[in-house]
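Trainee: How does the following fold in three dimensions:
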Amino acid sequence: GEAIVNGRNAQPQRFPYMASLRHLARKHQCGVAIIHEKYGLTAGHCVYGKKEEDHVIQYGSVSLVDPDIMTRIIKKFHLNPNYVPPQYKNSSALAAESQSDPDLYDMLRFCGAKYMETPMQNDIAIIE
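Mentor: The predicted structure follows:
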């Protein structure tokens with residue numbers, strides 16, 4: 001499947017049915033497609049393990065800092081019941097497995113990043 005991560009800025013009125021899932025600290029978490037006056041669609045990993053009361057939906061502007069943006073509280077996250085979160089392996093574990101290649105071993109050992117070992121499945125959720 002495809003994933004959209006860290007998308008590009010949109011022009012005003014280009015995507016009128018898009019919204020922002022935000023943590024109450026006003027930080028943008030994920031995009032939301034408005035599919036009904038009471039429902040939005042987002043990726044399951046955006047709401048997995050999260051509390052509704054810690055988030056809001058904001059819409060009506062392409063700017064994440066627009067003072068006139070509209071805000072709605074979230075009633076419920078409906079995560080796909082078949083959602084399977086990804087499994088990650090950190091770079092030090094990968095480095096240990098790659099000791100036969102000294103350059104790769106050193107890069108992975110010092111990188112500190114996580115790598116997706118198995119992809120997530122059924123990564124979809126409804127926001128009410």
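
Trainee: only C-alpha atoms for contact and neighbour calcs from this point on.
Mentor: Noted.

Trainee: I'd like the distance between residue 28 and residue 49.
Mentor: Taken as C-alpha to C-alpha, to the nearest Å, the spacing of residue 28 relative to residue 49 amounts to 17 Å.

Trainee: Residue 60 now?
Mentor: Plainly put, residue 60 is 27 Å away from residue 49 if you go by C-alpha to C-alpha.

Trainee: These two: which is more packed in?
Mentor: Using other C-alpha atoms under 10 Å as the criterion, residue 60 and residue 49 rank with residue 60 on top: 19 against 10.

Trainee: And for the nearest residue to that one once chain neighbours are set aside, the neighbour number?
Mentor: Here the nearest residue to residue 60 in space, its sequence neighbours aside, is residue 69; by C-alpha to C-alpha, 6 or more residues apart in numbering that works out to 5.5 Å. Residue 69: 13 surrounding residues under other C-alpha under 10 Å.

Trainee: same deal with residue 46?
Mentor: The number of residues packed near residue 46 is 18, by other C-alpha under 10 Å.

Trainee: How about the secondary structure of it?
Mentor: Secondary structure, DSSP: H, G, I helix; E, B strand; the rest coil: residue 46 is helix.

Trainee: Hmm, it is touching residue 28, no?
Mentor: No. Checked against C-alpha atoms under 8 Å, the pair residue 46 and residue 28 is beyond contact range at 10.7 Å.

Trainee: what do the two both touch?
Mentor: In the contact map built from C-alpha atoms under 8 Å, 6 or more residues apart in numbering, no residue is linked to both residue 46 and residue 28.

Trainee: what about the strands in this structure?
Mentor: With strands called from DSSP state E, the chain shows them at 18-23, 27-36, 39-42, 55-59, 70-73, 77-79, 87-90, 114-118, 125-127.
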